[in-house]
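*Asks:* Attaching a predicted model along with its sequence, questions to come.
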Amino acid sequence: MPLPKPPTKRADMLSADAYVNQPKPAKKSSKGTKRTAEVQATPAAPAPVLELVKPARTERAAPPVVAEKEVAATPVASAPASAKSKPTAGASTRKRKPTDTGPAKLFVLDTNVLLHDPMSLYRFEEHDIYLPMITLEELDGHKKGMTEVARNARQVSRELDALATDAGQHRQLDPMAGIPLAKNGHIEAGGKLYFQTTAMAVQLPMGLPQGKADNQILGVVQALRNQHPGREVVLVSKDINMRIKARAMGLPAEDYFNDKTLEDGDLLYTGVLPLPADFWERHAKGMESWTQGGQTFYRVSGPMVPALMVNQFVYLEAPGVSPWYGKVTEITGKHAVLKTVKDYTNPKNGVWGVTARNREQNFALNLLMDPECDFVTLTGSAGTGKTLMTLAAALSQVLDDRRYTEVIVTRVTVPVGEDIGFLPGTEEEKMSPWMGALDDNLEVLARSDNSAGEWGRAATNELVRSKIKIKSMNFMRGRTFLNKFVIIDEAQNLTPKQMKTLITRAGPGTKIICMGNLAQIDTPYLTEGSSGLTYAVDKFKGWPHSGHVMLARGERSRLADFASEVL
């Protein structure tokens, strides 16, 4: 097919006529002779220079309002009376199918939403945002310090300052008319930002203190609903008690859901897919197989190929037939390549004396020992063997294979109960109370070697200790790990931002393992859907150099297994 004419100027866009009026491709007639249709393309006019185009906003008149209410609302006007003809969506801000058309909503943001996600201003699609003055006051009170909340408060202040200033003429925009949220390049935000500029006549129920910040925001929501009866005014807050008070007053309130990777933790990618009993019969057409490096490869095509992901484990277990375990290594178009996995349940393939006891542990050891897999995530309940297998794989590749230079272990220092105060000593001595799981598993690995004797085990412990470094997460910023085996324990207590900080520390030849139990989250304001571990599993699935396994069965003891089920 002939290509359209190239642009005549630099940074020009091709016009639509250049694509529409192209010569038709030659077709073959029924007799086998070629028949050409010469279509003369009209010359395209010079195209305009490429520039940033903001999405058009279609305005629609608001529903009729009684004249008396309009007059009464004039001194309080801080939000638009017009509405946009676009589909409505809730505060979850996820892209949903448009259900109906109507006025755009007006979301009143609580301070904790901005402190939780500094970019939440741009997450409400075509809807408008309203910020009460007390919200700005609370932001000013949180901006000092080096904590995550203080950094978020400063970032929100910078975003608001950039929105409220006209960068072209260096003058302040009119907040009464609304500030387009897309003016800084966030074209996904089609709404406007409004600030509270005048005092509002607030009538709160008896018993609610007038000076409390939460109650003032509730009063603003109530006043806006009286001022704009044709629009839906919704409070967005991460505070559960504030949402309860709002609903008790008859005000609509929603949680902020944009931080959640998944709505339900049960929908998380498991990394393991069972195959149907007739898999080989349905995919036998055109199948190829070959052996390389002691492993068998299969290239298949069929209805299940679109459901597969790279580095996903598949298995086929049927009564009376020996089980088959494999891993997806490549997906090209309609074809997928499967290969058999190494059997780590066999004692001759043990890793530092550790053998897999079930199917998922076998899959996990295949990922941990794979040099082509740079990022591995392991989830599962207590006693599934996450730490033991990871530590055994780390020591095997550091001391035996010399693939990595040392093991770096870190974790979030979030206590389960009351804090015991400051800990004395150096960085590693302060972290040692948090590394009880590491010491327990090192003891198990050292006890498995009975041939060296007492002196040999003591020497082995000293050697192992010299290759394991315990680091605090507070000092990870700016570091780069070269040829290191990094273990992040209790990763379910990490926020997505902290997870990004840790993973981006990886240099050439570094392997990162994230372990955690999503049922044991101790960090406040984190859930299974918003945890950094869930975020990493969802974002990395399908990447050729990462893998994930959800360990299902506990192998610690019958007491621990029964307790995890009934307690």
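*Replies:* Thanks, I have the structure now.

*Asks:* what's the closest residue to Thr384 other than its chain neighbours in contact with, if anything?
*Replies:* Distance criterion CB to CB, 6 or more residues apart in numbering; nearest residue to Thr384, sequence neighbours excluded, is Leu551 at 3.7 Å. Placement of C-beta: from N, CA and C, glycine included. Shown in contact with Leu551 (CB atoms under 8 Å, 6 or more residues apart in numbering): 360-361, 364, 378-381, 384-386.

*Asks:* Any buried residues in the longest helix seen in the chain, and which?
*Replies:* Across the chain, the longest stretch assigned as helix under DSSP state H is helix 148-164. Of the residues in helix 148-164, 151-157, 159-160, 163 count as buried by neighbour count, 16 or more other CB atoms under 10 Å.

*Asks:* Next: stretch 302-319.
*Replies:* 302, 304-305, 308-316.

*Asks:* Return the subset of those residues lying in strands.
*Replies:* Counting by DSSP state E, the buried residues of stretch 302-319 place 313-316 in strands.

*Asks:* out of the residues you listed, who's nearest Asn493?
*Replies:* Minimum distance to Asn493 across these is 26.7 Å, recorded for Phe313 (CB to CB).

*Asks:* pretty sure Pro252 contacts Leu235?
*Replies:* Yes - using CB atoms under 8 Å, Pro252 makes contact with Leu235 at a distance of 6.9 Å.

*Asks:* any common contacting residues for these two?
*Replies:* Common contacts of Pro252 and Leu235 (CB under 8 Å, 6+ apart): Ala246.

*Asks:* quick one, which of those two is more surrounded?
*Replies:* Neighbour count, other CB atoms under 10 Å: between Pro252 and Leu235, Leu235 has more, with 28 against 17.

*Asks:* so where does that one fall, helix or strand?
*Replies:* strand 233-236 (DSSP states H and E).

*Asks:* So which elements touch the next helix or strand along the chain from that strand?
*Replies:* Downstream of strand 233-236, the next assigned helix or strand under DSSP H and E is helix 240-248. Counting contacts by 3 or more CB pairs under 8 Å, 6 or more residues apart in numbering; DSSP states H and E, helix 240-248 is packed against helix 213-227, strand 233-236, strand 253-254.

*Asks:* if you set the cut-off to 6 Å instead, what comes out?
*Replies:* Applying 3 or more CB pairs under 6 Å, 6 or more residues apart in numbering; DSSP states H and E, we find helix 240-248 packed against strand 253-254.

*Asks:* buried stuff in the longest strand seen in the chain?
*Replies:* If you go by DSSP E, the chain has its longest strand at strand 321-332. Using 16+ other CB under 10 Å as the test for burial, strand 321-332 gives 324-329, 331.

*Asks:* partners of that strand, with directions?
*Replies:* Paired neighbours of strand 321-332 in the sheet (DSSP bridges): strand 313-318 (antiparallel), strand 335-340 (antiparallel).

*Asks:* and the longest helix of the chain, what's its mean pLDDT?
*Replies:* Mean per-residue pLDDT for helix 148-164: 88.

*Asks:* Any idea what Val300 is bridged to?
*Replies:* Bridge pairing for Val300 (DSSP bridges) gives the partners Ala336.

*Asks:* And it, how far from Lys339?
*Replies:* In this view, Val300 and Lys339 are 12 Å apart by CB to CB, to the nearest Å.

*Asks:* Check Arg357 too.
*Replies:* Going from Arg357 to Lys339 by CB to CB gives 23 Å.

*Asks:* neighbour-wise, which of the two wins?
*Replies:* More crowded of Arg357 and Lys339, by other CB under 10 Å: Lys339, with 18 against 15.

*Asks:* how far away is that one from Val328?
*Replies:* Using CB to CB, Lys339 is found at 8 Å from Val328.

*Asks:* Show the pLDDT at the closest residue to Lys471 other than its chain neighbours.
*Replies:* Among residues not flanking Lys471 along the chain, Thr410 sits closest, at 4.9 Å (CB to CB, 6+ apart). On the pLDDT scale, Thr410 is placed at 86.

*Asks:* The host helix or strand of Thr410 - contacts with which helices or strands?
*Replies:* Assigned by DSSP H and E, Thr410 falls within strand 406-411. Using 3+ CB pairs under 6 Å, 6+ apart as the contact test, the elements touching strand 406-411 are strand 468-470, strand 484-489.

*Asks:* Just name the most buried of those strands.
*Replies:* Most buried of these by mean neighbour count (mean count of other CB atoms under 10 Å) is strand 484-489; its value is a mean of 25.

*Asks:* Strand partners (parallel or antiparallel) of that one?
*Replies:* Short version: by DSSP bridges, strand 484-489 pairs with strand 406-411 (parallel), strand 511-516 (parallel).

*Asks:* Buried residues in the first one, which are they?
*Replies:* For strand 406-411, the buried set under the neighbour-count rule, 16+ other CB under 10 Å, comprises 407-411.

*Asks:* re the thing from before, give the other helices and strands that the longest helix of the chain contacts.
*Replies:* Applying 3+ CB pairs under 6 Å, 6+ apart, we find helix 148-164 packed against helix 111-116.

*Asks:* any low-confidence regions in the stretch 101-250 of the chain?
*Replies:* 101-102, 167-175 (pLDDT under 70).

*Asks:* scratch that, the chain is what I was asking about
*Replies:* Where the chain drops to pLDDT under 70, the residues are 1-102, 167-175, 263-266, 413-439, 446-460, 474.

*Asks:* do that again at 50, thanks
*Replies:* Residues of the chain that meet the criterion pLDDT under 50 lie in 27-100.

*Asks:* My read is that Tyr122 contacts Ile187, right?
*Replies:* No - using CB atoms under 6 Å, Tyr122 makes no contact with Ile187, being 9.4 Å away.

*Asks:* Which residue ranges of the stretch 351-500 of the chain form helices?
*Replies:* Using DSSP state H, counting those that start in this stretch, the helices found in the stretch 351-500 of the chain span residues 359-368, 386-395, 427-431, 436-447, 453-467, 496-503.

*Asks:* Give me the buried positions along the first one.
*Replies:* Along helix 359-368, these residues count as buried under the neighbour rule (16+ other CB under 10 Å): 359-368.

*Asks:* Lys500: which of those residues is nearest?
*Replies:* Within those, the smallest distance to Lys500 is 21.3 Å, found for Leu367 (CB to CB).

*Asks:* got the contact list for the closest one?
*Replies:* The neighbours of Leu367, taking CB atoms under 6 Å, 6 or more residues apart in numbering as the test, are 373, 376, 547.

*Asks:* ok, and the closest non-adjacent residue to it?
*Replies:* Gly547 (4.1 Å).
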